[in-house]
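Trainee: Fold the following for me, if possible:
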Amino acid sequence: MTTHSRRDMMKYGLAAGLAAGTMGLPCLSNAASTYTGVTYMPPSYTALMWGIDGFNKRLNEGMGDAGKAEFYDSATLLKADEQIAGLRSRSIDYMFHTSTYISRSFKAVGLLGLPSLVGELYENGDRISRGTPLFNLMRDHLRQDNIEMLSLGGGVIEPQYVWSAKEPITSLEQLRGRKVRVVGYEASTALESIGVVPVRIPSSETYLALQRGTVDAAVANISTVIARNLQEQLKYVYKLPITAYTIGLYMRADRYQNLDPVAREAFDNATAWYDANSADQVNNVLYKRDHWPKIDEAGIETVEPDQAAREQFTEISKEVWEWWKDQAGREFGEKAIALARGESA
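Mentor: Purely as a prediction, here's the structure:
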């Protein structure tokens, strides 16, 4: 089946799924022994796909003859902004998604992209491992919306820093007045408060935007830099943790709770492996071994922020933290931020 045909089928499936949910009719996805999963990320994101590929391999092995997983990457089945609708309508069974893309729909995961706070989560990745108080708090919050958060990959992926093309950006003051590619409402809001002009550009268009001077810099994760060959256009990286994301694994809560015993065990075992290995492998092996050496080879100058800059950005970011608490719920937000900072909730 061609990609175009798959997408057409999925559009009809979304409509049918919504209608079935409205009329109380069962969807085909629930009756079949095939479990459909998606991500919008392409294979060129080698580090980030490592854990996803490992999960799917173990899921299929665990199900044996009782079922199989069919997985579609590169947005071949659903685009990034279609995945949540596909999950809700039962047109897909599970999805891997970056938290920055879905924080407006899944309010709880907005925590994972809060400016400055992400630095603490990165340095203490086990705070969002499965079974921790913070993970359980977020999971229970999402269950109220019939979403089952199976895993956040065991931690946040290394934060997104400020990568500049022509002129160095080595301080918060030098960001003032610059046009900067940013993805994520939380980061955009924090940067706007110090005079940055945030520009939302897909990663696929960032290379040309830097080359043509449409933007002066990009807030990006190193996977985006390498996968999109942005190092060819960049000269400096200011390693201030602006925002970050997790690669989360999600299902409908009712779908997960009603899996047959073999499938449930297969999902749980594959999820346990993913949670224990994904972020750790990305941050501590693949990035250090494969990605950062390419940055050095490209001659990109790395600038570390001093403690004063970190503290200044934390103070600036706290307004965004307060805004997020209002979005997610004050009581939940207070507890979540306290746990993210290693404090008792």
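Trainee: Every contact and neighbour count from this point should use C-alpha atoms.
Mentor: OK.
Trainee: Where in the protein is the helix or strand with the lowest mean pLDDT?
Mentor: helix 28-31 (a mean of 43; mean pLDDT, DSSP states H and E).
Trainee: Could you pull out the buried residues of the strand ranked longest in the chain?
Mentor: Longest strand in the chain by number of residues (criterion: DSSP state E): strand 236-243. For strand 236-243, the buried set under the neighbour-count rule, 16 or more other CA atoms under 10 Å, comprises 236-243.
Trainee: neighbours of Ser105, just the number please.
Mentor: With neighbours defined by other CA atoms under 10 Å, the count for Ser105 comes to 11.
Trainee: which residues of the stretch 201-345 of the chain fall in strands?
Mentor: 217-220, 236-243, 247-252, 301-303 (DSSP state E, counting those that start in this stretch).
Trainee: What helices and strands are in contact with the last one?
Mentor: Right, strand 301-303. The criterion is 3 or more CA pairs under 8 Å, 6 or more residues apart in numbering; DSSP states H and E, and the helices and strands that strand 301-303 contacts are strand 236-243.
Trainee: what does the third one give?
Mentor: Helices and strands touching strand 247-252, by 3+ CA pairs under 8 Å, 6+ apart, are helix 83-88, strand 94-98, strand 147-151.
Trainee: if we can go back for a sec, list the contacts of the longest strand of the chain.
Mentor: Strand 236-243 is touched from outside by 113-116, 118-119, 159-165, 168-171, 186-187, 219, 300-305, 310, with contacts defined as CA atoms under 8 Å, 6 or more residues apart in numbering.
Trainee: Kindly recompute the last result at 7 Å.
Mentor: Residues outside strand 236-243 that contact it (CA atoms under 7 Å, 6 or more residues apart in numbering) are 113-116, 118-119, 159-165, 168-170, 187, 300-305.
Trainee: Could you do stretch 260-279 as well?
Mentor: In contact with stretch 260-279 (CA under 7 Å, 6+ apart) are residues 51, 55, 58-59, 62-63, 129-130, 150-157.
Trainee: still on that earlier bit, CA-only coordinates of the longest strand of the chain, as CSV, when you get a sec.
Mentor: Below are the C-alpha coordinates for strand 236-243, written out as CSV (Å, rounded to 0.1, in the frame of the first residue of the first chain):
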residue,chain,number,x,y,z
TYR,A,236,28.2,28.7,17.9
VAL,A,237,26.2,26.8,20.6
TYR,A,238,25.2,28.5,23.8
LYS,A,239,24.5,25.6,26.2
LEU,A,240,21.8,27.2,28.3
PRO,A,241,18.9,24.7,28.8
ILE,A,242,16.1,26.6,27.2
THR,A,243,13.6,23.7,26.9
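Trainee: So in that sheet, which strands flank that strand, and in what orientation?
Mentor: Under the criterion DSSP bridges, strand 236-243 sits next to strand 160-164 (antiparallel), strand 301-303 (parallel) in its sheet.
Trainee: closest one to Leu230 among the strands of the stretch 201-345 of the chain?
Mentor: Each of these has some distance to Leu230 by CA to CA; the shortest is strand 217-220, at 9.6 Å.
Trainee: packing partners for that closest one?
Mentor: With contacts defined as 3 or more CA pairs under 7 Å, 6 or more residues apart in numbering; DSSP states H and E, the packing partners of strand 217-220 are strand 160-164, strand 179-181.
Trainee: I'd like the mean pLDDT over it, please.
Mentor: In this model, strand 217-220 has a mean pLDDT of 97.
Trainee: Who does it pair with, and is each partner parallel or antiparallel?
Mentor: So strand 217-220, judged by DSSP bridges, has these partners: strand 160-164 (antiparallel), strand 179-181 (parallel).
Trainee: sorry, back to before: any chance of TSV for the buried residues of strand 236-243, columns pLDDT and distance to Ile84?
Mentor: Output for the buried residues of strand 236-243, formatted as TSV (pLDDT from 0 to 100; distance: CA to CA, whole Å):
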residue	pLDDT	distance to Ile84
Tyr236	97	36
Val237	98	33
Tyr238	97	33
Lys239	97	32
Leu240	96	31
Pro241	95	27
Ile242	96	25
Thr243	95	22
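Trainee: In the sheet, which residues pair with the spatially most central residue of the chain? Tell me.
Mentor: The centroid of the chain falls nearest to Thr98 when counting by CA atoms, centre = their mean (1.8 Å). For Thr98, the beta-bridge partners under DSSP bridges are Ile247.
Trainee: Quick check: it touching Ala244?
Mentor: No - if you go by CA atoms under 7 Å, Thr98 and Ala244 don't touch, sitting 9.3 Å apart.
Trainee: In contact with the residue nearest to Asp254 when sequence neighbours are not counted: list those residues for me.
Mentor: Take Asp254 and drop its neighbours on the chain: the residue closest to it by CA to CA, 6 or more residues apart in numbering is Asn146, 6.7 Å away. For Asn146, the set of contacting residues under the criterion of CA under 7 Å, 6+ apart consists of 252-254.
Trainee: Filter the residues you listed down to the buried ones.
Mentor: Buried residues within the contacts of Asn146, counting neighbours by 16+ other CA under 10 Å: 252-253.
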